[in-house]
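Peer 1: Provide a 3D model corresponding to the input given below.
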Amino acid sequence: MWFFRAVALDLDGTLTEVDHLSEPAMAAIKACSDELQVILVTGRIFGDLEAAFPGLWSEFDAVVTENGAVLHTRSGARALAGPVDPAVTHALAAQGIATRAGRVLVALAGEDATAAVEIITSLGLDCQVVHNRGAAMILPAAVTKGTGLLAALDELGLSPHNVIAAGDAENDLALLHTAEVGAAVANAVPSLSAQADLHLRSRDGDGVAELLAGPLLTGQQRLCPARRWLPIGTFDDGQPVLIPGSQASLLLAGDTGTGKSYLAGLLAERWIDAGYAVLILDPEGDHTGLTERPGVHLVDAAAHLPSPTDLLAITRPGRASLVLDLSGLPEADKTGYLHRLPAAVEAERAEHGIPHWVIIDEAHLTRATAEQAPGPTVAEPGTCIVTWQPDLLPATFRETVDLTIATAGPFPAAADAPAAAPRATISAGGRPPRPFTLATRVSPHVRHQHKYTTAPLPPHRRFYFHSAGEPISAATLEEFSRHIRHCDPAILGYHISRGDFSRWISTTLADHTLGSHLAVIERDLSYRHAAELERARHHIIRAIDDRYPGANCPSQP
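Peer 2: Model (predicted):
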């Protein structure tokens, strides 16, 4: 299993028991060191760590000490925050409280934590007191084992979504929350166990050995914690529709024009906003609007198409997402490139664990012939296939996919009503499909950008501008826009009053976002035109009455 690329481990009470380092745990770390990056995250000051366990730091790819405040890598050590104000230690010493100062934190006994809080408050400092079983630490605000882990992962070029963390005490909560999966050893304090995603059966180092040799890291089991599931809509009873944030396979199906690309963009948006790295293979130019989300890059293949390896390098260090717009390429070039890409994705995932998701839109376009494009035989975790022809996929793929979502189009709505929310059904594990309403997207859905801008539509799908003679046709969006710019105002008013522009954009181009926007413009102009007519009527009547007072007579029955 390619997904988990690193393990972050606490020291005291996790790798040790009563200051004795666990031999089974260290043996397990050595055994997996070629496959995984292993990070030690401890509350200890580095000098104390070295005194107790000489050379232990060298067994890890990175070490975070002082509860997230100092990072140690092969290139050296650096503080991740400024030191606690010395006034704190002076005030504690004045009360006879013993402390030890590191590069950043101040360590003290747990029984003195209340006095430390009072001193910090009286000095007006932005510090926190963190408990670790019977000990306590004073740290700058917002410094945690979680922030230290993020700094270590940045150095290693990994995403926190590719990490499992394990710990035992209160100060490990942030560590477990930062990792994709947080595990508690059997001797963990109740507060940590209550929030852990995985509960190991064994204590201390035996628990770590169990984790490192267990089914999650060997690829025999998948686990996406409940806290990582993401909402994409609402069932008819009001319950949220949730999809896994990671390690699942999805099939999105449905007829043309029912919203498959809208749904694919919605899923991508949810995964991107949750910090997952997503690669969207976009043969028709539907997903360029996703580049409005932070950290999303666009590669327009018509302008420049990098090699698959160079393309995937853009997603590093593990948090960037990418839309590959292939709509400007000839069909043969699209198919050839899409067949070279899977091997590069597999290699990138094996080394870096990314992209977390690959969305293949219009997947049927990659299957020109059975020999040329056999397609995936089984549903791989981290893959989302989008097609209106799911029957072209191997039966083994359809049988092994985790979730199948089929678009069903919007609710029927009156002609003058706002666009209805798209509908779909979701099914898993052989259960009957369950209908739901899709959530609203944040990013715009740009329907077939290159295709409709420059490629001519067949005659029955073109827009025809009204004229005294033969109607004038617009075969592309480019022609449509040019005619609107230059046509006679009477022609423009004719189509606006009928709602023709928004109807064509929504139905023919299936761009409901732009269509809804144009419908608002059309309705607004129609309302203002009607108001202007009534205002003109009023002025005409008043002018007649002023000129001929007797003309204002009661109507005859």
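Peer 1: ok, Phe60 touching Ile39?
Peer 2: Yes. Contact status for Phe60 versus Ile39: in contact at 6.1 Å, counting by C-beta atoms under 8 Å. In short, each C-beta sits where N, CA and C put it, glycine included.
Peer 1: who has more neighbours, the two?
Peer 2: Ile39 (27 against 21; other C-beta atoms under 10 Å).
Peer 1: and that one, helix, strand or coil?
Peer 2: The local conformation at Ile39, judged by DSSP: H, G, I helix; E, B strand; the rest coil, is strand.
Peer 1: what is the mean pLDDT for stretch 136-145?
Peer 2: Mean pLDDT, computed over stretch 136-145, is 96.
Peer 1: ok, the residue lying closest to Asn132 once chain neighbours are set aside to Phe4 distance?
Peer 2: Distances taken as C-beta to C-beta, 6 or more residues apart in numbering put Asn171 closest to Asn132, at 4.6 Å, once the chain neighbours are dropped. The gap separating Asn171 from Phe4 is 23 Å, by C-beta to C-beta, to the nearest Å.
Peer 1: likewise for Pro140?
Peer 2: According to C-beta to C-beta, Pro140 stands 31 Å off from Phe4.
Peer 1: list the buried residues of stretch 432-444.
Peer 2: For stretch 432-444, the neighbour count (16 or more other C-beta atoms under 10 Å) marks 436-439, 441, 443-444 as buried.
Peer 1: of those, which belong to strands?
Peer 2: Within those, residues falling in strands by DSSP state E are 436-438.
Peer 1: in JSON lines, list those along with distance to Thr258 and pLDDT.
Peer 2: Converted to JSON lines, these look like this (distance: C-beta to C-beta, whole Å; pLDDT from 0 to 100):
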{"residue": "Phe436", "distance to Thr258": "14", "pLDDT": "96"}
{"residue": "Thr437", "distance to Thr258": "14", "pLDDT": "95"}
{"residue": "Leu438", "distance to Thr258": "11", "pLDDT": "95"}
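Peer 1: make JSON lines out of these and add distance to Val189.
Peer 2: Putting these into JSON lines (distance: C-beta to C-beta, whole Å) gives the following:
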{"residue": "Phe436", "distance to Val189": "40"}
{"residue": "Thr437", "distance to Val189": "42"}
{"residue": "Leu438", "distance to Val189": "42"}
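Peer 1: just give me the closest of those residues to Pro422.
Peer 2: Closest approach between those and Pro422, by C-beta to C-beta: Leu438, at 4.5 Å.
Peer 1: for that closest one, what are its contacts?
Peer 2: Neighbour list for Leu438: 232-233, 259, 262-263, 266, 421-424 [criterion: C-beta atoms under 8 Å, 6 or more residues apart in numbering].
Peer 1: cool, and Pro215?
Peer 2: Pro215 makes contact with Gln221, according to C-beta under 8 Å, 6+ apart.
Peer 1: quick one: it and Arg523, what's the gap?
Peer 2: Counting by C-beta to C-beta, the gap between Pro215 and Arg523 amounts to 58 Å.
Peer 1: and the closest residue to Thr291 other than its chain neighbours, how many residues sit next to it?
Peer 2: Nearest residue to Thr291, sequence neighbours excluded (C-beta to C-beta, 6+ apart): Leu298, at 4.5 Å. The tally of other residues near Leu298 (other C-beta under 10 Å) stands at 16.
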